[in-house]
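Novice: Build me a structure from this.
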Amino acid sequence: HVQLVESGGGSVQAGGSLTLSCLVFPSIHHTMAWFRQAPGTEREGVAAIYDGGRNTLYADSVKGRFTISQDNAKKTVYLQMNSLKPEDTAMYYCAGSLKAGVWHRMGIYNYWGQGTQVTVS
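Specialist: This next block holds a predicted model:
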């Protein structure tokens, strides 16, 4: 039974930092990603990591501020978020794909977590 469980969300002031975690049962998939969705907007890809953590990709809006990483032993994918802005406020979702694909397209992901809220004021 596959499960993705996010944690680490919260409220922070602009310029602050948060680290999101995604615990993956039973193991990390080929491609893991973080998406976010603000009220009234479409869900958008934030960052992805694939090939055992050897490669990463980011949305232009978060490049240089966010870092995605994974710890295979802990079966956890992280999203380190620095220099947070109010426009980063959203529900953040972890997603897992069993194969490679266009990382920011939701359709390639087989599994999704329930989301964790990030609020930047």
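Novice: which ones are touching the closest residue to Q117 other than its chain neighbours?
Specialist: Closest residue to Q117 apart from its sequence neighbours, by Cβ to Cβ, 6 or more residues apart in numbering: G9 at 4.8 Å. C-beta coordinates here come from the backbone N, C-alpha and C atoms, glycine included. Each residue near G9 by Cβ atoms under 8 Å, 6 or more residues apart in numbering is listed here: 18, 20, 92, 116-118.
Novice: Need the contact partners of whichever strand or helix holds W34.
Specialist: Here W34 sits within strand 31-37, counting by DSSP states H and E. If you take Cβ under 8 Å, 6+ apart as the criterion, strand 31-37 is touched by 20, 22, 24, 43-50, 68, 70, 77, 79, 88, 90-97, 99-101, 103-104, 106, 108-109, 115, 118.
Novice: who touches S17 in this structure?
Specialist: Contacts of S17 by Cβ under 8 Å, 6+ apart are 80-84.
Novice: what's the spacing between the nearest residue to Q114 once chain neighbours are set aside and V102?
Specialist: Closest residue in space to Q114, ignoring its immediate chain neighbours: E6 at 6.8 Å, by Cβ to Cβ, 6+ apart. With the distance defined as Cβ to Cβ, to the nearest Å, E6 ends up 22 Å from V102.
Novice: same question, A14
Specialist: Distance from A14 to V102, by Cβ to Cβ: 31 Å.
Novice: Can you give me the distance of the residue nearest in space to the middle of the chain to R105?
Specialist: The centre of the chain sits closest to W34, judged by Cα atoms, centre = their mean, with a distance of 2.0 Å. Look at W34 and R105: by Cβ to Cβ, they are 14 Å apart.
Novice: and what of S7?
Specialist: Counting by Cβ to Cβ, the gap from S7 to R105 is 25 Å.
Novice: go on, Q37?
Specialist: Separation of Q37 from R105 (Cβ to Cβ) stands at 15 Å.
Novice: When the two are compared, which one has more neighbours?
Specialist: More neighbours surround Q37 than the other of Q37 and R105, with 14 against 11 (other Cβ atoms under 10 Å).
Novice: So what sits opposite that one in the bridge?
Specialist: Bridge pairing for Q37 (DSSP bridges) gives the partners M91.
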